[in-house]
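# show me how the following folds:
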Amino acid sequence: MRKKATAEKPPGHSLQIEERPLSVAREEAERKHILAVLEHTKGNRTQAARVMGISRKTLWKKLRQLGIFSLSDVTQR
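Predicted coordinates for the structure are as follows:
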């Protein structure tokens, strides 16, 4: 007979977990990271792409997918 696995929190740690699809969580994390890097590079997309290890074209696609169209989208977090 198998025991059902249960997740136990280490003492003193509280973890808030929202029920949402992994794809949504991944997109939110990706958006936050891209915005943070763009803020760090003062909106320089070439530098930001280099920092993240992706091509400028990939960064442009990600920005479009995430609805980030201008530098004001970066500064209005």
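
# max-length helix in the chain?
helix 22-40 (DSSP state H).

# who does it touch, helix- and strand-wise?
helix 45-52, helix 56-65, helix 71-75 (3 or more Cβ pairs under 8 Å, 6 or more residues apart in numbering; DSSP states H and E). For every residue, glycine as well, the C-beta is placed using N, CA and C.

# pLDDT (mean, whole number) over that helix?
What helix 22-40 shows for mean pLDDT is 95.

# can I get that helix as CSV, trimmed to CA atoms?
Backbone C-alpha positions of helix 22-40 (Å, rounded to 0.1, in the frame of the first residue of the first chain) are rendered in CSV as follows:
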residue,chain,number,x,y,z
LEU,A,22,2.6,26.7,-14.6
SER,A,23,2.4,28.6,-17.9
VAL,A,24,0.9,31.6,-16.1
ALA,A,25,3.5,31.5,-13.3
ARG,A,26,6.3,31.2,-15.8
GLU,A,27,5.0,34.1,-17.9
GLU,A,28,4.7,36.3,-14.7
ALA,A,29,8.3,35.4,-13.6
GLU,A,30,9.6,36.0,-17.1
ARG,A,31,7.9,39.4,-17.3
LYS,A,32,9.3,40.5,-13.9
HIS,A,33,12.8,39.4,-14.9
ILE,A,34,12.7,41.1,-18.3
LEU,A,35,11.4,44.3,-16.8
ALA,A,36,14.0,44.3,-14.0
VAL,A,37,16.8,43.8,-16.6
LEU,A,38,15.4,46.5,-18.8
GLU,A,39,15.3,48.8,-15.8
HIS,A,40,18.9,47.9,-14.9
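
# could we number from 54 for the rest of this?
Understood, numbering begins at 54; the last thing we discussed is helix 75-93.

# could you list the buried residues of it?
R84, I87, L88, V90, L91 (16 or more other Cβ atoms under 10 Å).

# before we move on, back to that, nearest to E72, out of the helices and strands packed on helix 75-93?
The closest of the helices and strands packed on helix 75-93 to E72 is helix 109-118. By Cβ to Cβ, the value is 23.4 Å.
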